[in-house]
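# sharing a model prediction with you, sequence too.
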Amino acid sequence: MAQLGGINQVNTGRDVSFNIVTDAGLLSLDITQSFRRRGLYDHRVSRPINGPPKFVPIIAGWELDFELDRQNAGVDTFFANLESTYYQGGAINAGTITETIIDADTGAVHVFLFSGLMLTCEDIGDVKADDMIKMRVQGRASTRTQLS
């Protein structure tokens, strides 16, 4: 019998894993608490004089957001190196994210590839006594295609 994901045949975050590949290699996001993926659209409207409006959503990529608990200097170092590369006039190339999801009902494995990935880290976290440092890494990807 296939190993099923989820709880009571409902997917949870434990059924999803991902790998981020950049120019510098595999990027680990410490202790990832959440991973949000949202499709982006450029909403256009055709307004014919002889009828109701027609809505034309133009696909415009994907917006990604990771919340993580800081565990080591990996994310800080990655973005410090990215900043240094930028100011030294070096090339900054797009990366990818491979996302794997196990279906809760059948155990089927689906793999999606986010391509054209550019990452930012606009919130490296608040420092408070006796509290975890919560970091946020954002990204935008050009496409999301299903590999399996």
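Nice, I can see it.
# find the centremost residue of the protein, please.
residue 64 (3.6 Å; C-alpha atoms, centre = their mean).
# please identify the helix or strand for that one.
strand 54-69 (DSSP states H and E).
# same deal with residue 82?
Using DSSP H and E, residue 82 falls within helix 74-87.
# okay, and the beta partners of the residue nearest to the centre of the chain?
With DSSP bridges as the criterion, residue 64 is bridged to residue 37, residue 139.
# gap between it and residue 89?
Remark: distance between residue 64 and residue 89 (C-beta to C-beta, to the nearest Å) = 27 Å. C-beta here means a position set from N, CA and C on the backbone, and glycine is covered the same way.
# is it true that residue 32 touches residue 68?
Yes - counting by C-beta atoms under 8 Å, residue 68 is a contact partner of residue 32 at 4.9 Å.
# more neighbours: those two, which one.
Taking neighbours as other C-beta atoms under 10 Å, residue 32 and residue 68 compare with residue 68 leading, 21 against 17.
# quick one: contacts for that one?
By C-beta atoms under 8 Å, 6 or more residues apart in numbering, the residues touching residue 68 are 29-33, 75, 134-137.
# which of those residues are buried?
Taking 16 or more other C-beta atoms under 10 Å as the criterion, what is buried in these is 29-30, 32, 75, 135, 137.
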